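Student: got a predicted structure plus its sequence, pasted below:
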Amino acid sequence: MVTPIYVVGHANPDTDSIASAMGYAWLLRERDGLDTVAARAGATNPQTVFVLKLLGLEAPQLITDASPRFGSVMRRMDTTTPEKPLREAWAIATRTGGVAPVLNEDGTPYGLINGRSLFEFLSRQVGVRPDRHKITIDDILEYPCKEAVNRGVPKFSSSTRIRDVLNKVLRVEGDEFWVVDENTGRYEGICRQRDLLNPPRLQIILVDHNEEQQSIGSLEEAELLEILDHHRLGNPSTRMPIKMTVDIVGSTSTLVSEQIEDAGLSAPPKLAGLMLAGLLSDTLILTSPTTTERDRSASERLERWAFAPGSPLATETRASYGQKVLQASEGISTRTPKEVVTADLKLYSAGNLKFAIAQAEVNNLNELDDHINELTNALEELRETKNLDFTMLMVTDVVRGSSRLLLSNPPPALNDLPYKPMNDNTRLAEGVVSRKKQLLPVVLGLLED
Ligand SMILES: [Mn+2]
């Protein structure tokens, strides 16, 4: 069974996470001939939706959990129908190793023919016929398939995690099971018990993050092949050596574009446009303190590829495109407080505290004033549902380059946050726009003291 390598960014994906996953998956196919598929670890945010639509690109496949599913171990065996002669099933069974799935007209399972069901069918025929010595194989094979099926074979949906039902599977009789579509109940394949005991691990490359808490679920059940990132280290241990590239640049798209150039390649215009959006979004159009010279070069490189004649972005400039991208990120007025505090949320732990920092972008911090109470309540609710010690929301004015902080249940250590306390219980962090490079190190520093 050939399984692809999934390239996936962090949960609550931002544009850089989607762009670098798609860009790196493309490079690994193009440069190395690998069977890679870009994936996303959650719903795309409004900014990413805007950019994908502008460029005419599809969002990558959703993967929220690495635990193997029935779909990953099934075989798409050929099928027949209940009224067809048994010889059809026989022909299928000789190719599948003794199993023939029989389907209803609507594609749902009718029954399964295997060695055991066939033997029971033969026993019945031989048992009831007085002239049984005269039955020939030809006679037998003319019976309709429905006579020889086992109708009691358990069904599992292809999206069900094997781990969740393995105990049940091991208790039932029979070596084969149906795998069906979760919604339609239609046949997808057959899986064998022995394949369920040792399912292939999902092969994963992480981009734009390296912390398990920010990744797809059950990451420990995947085979982690590589990390490509620009955040602080908080990576899980691995069984095998892996390739790891973590560098101090403004976006993961920067790193991907460098590798594309190093390979002597150029990204297709749409993909380049997507990575440029990731870079401009992460660096607030190259103004964030996370911006490096390499990001400026990467921007020029991606612009050259993305703004090429014939591209959807042919008439854009860095400034015009960057503005469109930043403005497409929804502010805080058009979303529910819950959406604001969960859309771009990252989980961390330090010392023995678990906490989360959400970030929302606005074009003017005045927008925050009407929403402070409801956002604080949403932060409190988030803290309770995720079982965290404290939660924080960083509302960033991307035009003026400052942020306001809202906190729920901050530990005493955070009283020393070097940001001006306001009358409304928020703090004003002037010149602070980067959660990763500016806010988080300060928070971690205070917690660890
Ligand atoms: Mn990033």
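Tutor: It's in.
Student: tally of neighbours for the residue of the stretch 301-449 of the chain found nearest the ion?
Tutor: Among the residues of the stretch 301-449 of the chain, Lys436 lies closest to the ion, at 8.1 Å counting by C-beta to the ion. (Glycine included, C-beta is placed from N, CA and C.) Neighbourhood size, Lys436 [other C-beta atoms under 10 Å]: 17.
Student: next, it: secondary structure please.
Tutor: With DSSP: H, G, I helix; E, B strand; the rest coil as the basis, the three-state label of Lys436 is helix.
Student: my read: it touches Pro289, true?
Tutor: No. With contact defined as C-beta atoms under 8 Å, Lys436 does not count as touching Pro289 (10.2 Å).
Student: what residues are up against the residue of the stretch 51-200 of the chain at minimum distance from the ion?
Tutor: Closest to the ion within the stretch 51-200 of the chain is Val51: 14.2 Å, counting by C-beta to the ion. Going by C-beta atoms under 8 Å, 6 or more residues apart in numbering, Val51 touches 15, 19, 273-274, 277, 325, 328.
Student: save these as TSV, and put in neighbour count, secondary structure and distance to Gln359 too.
Tutor: Converted to TSV, those look like this (neighbours: other C-beta atoms under 10 Å; DSSP: H, G, I helix; E, B strand; the rest coil; distance: C-beta to C-beta, whole Å):
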residue	neighbour count	secondary structure	distance to Gln359
Thr15	30	helix	13
Ala19	36	helix	18
Gly273	30	helix	24
Leu274	28	helix	21
Ala277	32	helix	17
Val325	23	helix	16
Ala328	19	coil	16
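Student: for the chain, give the strand that spans the most residues.
Tutor: strand 353-362 (DSSP state E).
Student: and it, what's buried?
Tutor: Of the residues in strand 353-362, 354-362 count as buried by neighbour count, 16 or more other C-beta atoms under 10 Å.
Student: quickly find the element holding the residue of the stretch 51-200 of the chain closest to the ion.
Tutor: Here Val51 sits within helix 46-55, counting by DSSP states H and E.
Student: quick check: angle from that helix to strand 353-362?
Tutor: Helix 46-55 runs at 50 degrees relative to strand 353-362, counting by axes from the mean of the first three to the mean of the last three C-alpha atoms, to 10 degrees.
Student: what helices and strands are in contact with the next helix or strand after helix 46-55?
Tutor: Next along the chain after helix 46-55, taking DSSP H and E as the criterion, comes strand 61-62. On a contact count with 3 or more C-beta pairs under 8 Å, 6 or more residues apart in numbering; DSSP states H and E, strand 61-62 meets strand 36-40.
Student: list the contacts of the strand it packs on.
Tutor: With C-beta under 8 Å, 6+ apart as the contact definition, strand 36-40 has outside contacts at 4-9, 13, 17-18, 21-22, 24-26, 28-29, 59-63, 205.
Student: now that strand: mean pLDDT?
Tutor: In this model, strand 36-40 has a mean pLDDT of 97.
Student: can you give me the end-to-end distance of stretch 241-255?
Tutor: Stretch 241-255 has an end-to-end distance of 21 Å (C-alpha to C-alpha, to the nearest Å).
Student: off-centre distance for it?
Tutor: Mean-position distance between stretch 241-255 and its chain equals 19 Å (C-alpha atoms, centre = their mean, to the nearest Å).
Student: try stretch 388-406
Tutor: Worked out by C-alpha atoms, centre = their mean, stretch 388-406 lies 26 Å from the chain centre.
Student: in that stretch, what counts as buried?
Tutor: By neighbour count on 16+ other C-beta under 10 Å, the buried set for stretch 388-406 is 388-398, 402-406.
Student: that one - what's its average pLDDT?
Tutor: pLDDT averaged over stretch 388-406 gives 94.
Student: do stretch 14-31 as well
Tutor: What stretch 14-31 shows for mean pLDDT is 98.
Student: begin at 48 from now on, thanks
Tutor: In the new numbering, first residue 48, that becomes stretch 61-78.
Student: how many neighbouring residues does Leu128 have?
Tutor: One thing to correct before we go on: residue 128 is Thr, not Leu. 15.
Student: close enough to count as contact, it and Val149?
Tutor: Yes. Using C-beta under 8 Å, Thr128 is in contact with Val149, at 6.5 Å.
Student: joint contacts of these two?
Tutor: Shared contacts of Thr128 and Val149, counting by C-beta under 8 Å, 6+ apart, come down to 157, 192.
Student: for the strand or helix carrying Gly492, packing partners?
Tutor: For Gly492, the element it lies in under DSSP H and E is helix 487-495. Taking 3+ C-beta pairs under 8 Å, 6+ apart as contact, the helices and strands that helix 487-495 lies on are strand 392-397, strand 400-409.
Student: not counting its neighbours along the chain, what's nearest the residue of the stretch 348-496 of the chain closest to the ion?
Tutor: His278 (5.7 Å; C-beta to C-beta, 6 or more residues apart in numbering).
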